[in-house]
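J.: Need a 3D model of the following:
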Amino acid sequence: MTSPVESPIPRLPRTTRRLAIYWPAAPWVCLLLPLAFIFLFHEFLVLPRGTRLELPAADAPTAAKPGERLFVVAIDARNQFYFQNQRLDLATLRTNLSLQAGKPNAPKTILIDADVQVPLERCHELAEVARSVGIHSLILHTRRIKP
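T.: So this is what the prediction gives:
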C-alpha cells in the first residue's frame, strides 16, 4: 500500500467565518424604493380636494392693493357659494359674512372668484348681501389674458 501524498503546505484551521446572517436585499429594496417615492412626491400624486374654477379673462390690472385684507367668496359653475372652505347657501352666507364683518378690524372688501359659467345676476345677489352686512367694495377676480 502506498501512502497518500501530503501537500507541502500544511492546512491551517480557519479563524474567519462568512456572515452568518442571510439578508436578502432585493425584497427590501422593492419595498422601500416605492415607499420613498410616495413619501417624497405625495403632493403630486394626490390631487387636493376642492372645486375647480375657470376664471374669466380680462386685461385689466388688479384692483386689490398690496397687503389689503379681503374676504374671499367663490362661486362655482353650479352657482354654489364657498366661503371659508364651506359650501353655503345665500342665507347662511349672509349670516357668516355679517358675523365676520362685524368683528373689529375686519376687511371691508370681498374678492369674488366666480367661474366663467356663473351668470352676472349671481354676482349681483352676492353684492346685495355684501352691502347689507356693511362691506363697501367688491373685486371680481379674473385671470390675465396671455399674449
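J.: contacts and neighbour counts: CA atoms only from here.
T.: OK.
J.: how many other residues sit next to residue 82?
T.: If you count neighbours by other Cα atoms under 10 Å, residue 82 ends up with 20.
J.: Assign it to helix, strand or coil.
T.: Following DSSP: H, G, I helix; E, B strand; the rest coil, we place residue 82 in the strand state.
J.: Please name the bridge partners of the closest residue to it other than its chain neighbours.
T.: Leaving aside its sequence neighbours, residue 82 sits nearest to residue 74 (Cα to Cα, 6 or more residues apart in numbering; 5.0 Å). Taking DSSP bridges as the rule, residue 74 bridges to residue 82, residue 113.
J.: Quick check: residue 74 vs residue 36, distance?
T.: Residue 74 sits 37 Å away from residue 36, going by Cα to Cα, to the nearest Å.
J.: for residue 137, same thing?
T.: 49 Å.
J.: the more surrounded of those two?
T.: Between residue 137 and residue 36, counting by other Cα under 10 Å, residue 137 is the more crowded of the two (14 against 11).
J.: Any figure for the gap between residue 72 and residue 133?
T.: 15 Å.
J.: quick revisit: contact partners for the residue nearest to residue 82?
T.: 81-83, 112-114 (Cα atoms under 8 Å, 6 or more residues apart in numbering).
J.: between the residues you listed, which is closest to residue 56?
T.: Nearest to residue 56 among the contacts of residue 74, counting by Cα to Cα, is residue 114 at 7.9 Å.
J.: Run a quick neighbour tally on the nearest residue to that closest one once chain neighbours are set aside.
T.: Nearest non-adjacent residue to residue 114, counting by Cα to Cα, 6+ apart: residue 75, 4.6 Å away. Neighbours of residue 75 under the rule other Cα under 10 Å: 23.
J.: ok, residue 71 touching residue 109?
T.: Yes - applying Cα atoms under 8 Å as the test, residue 71 and residue 109 come out as touching, 6.3 Å apart.
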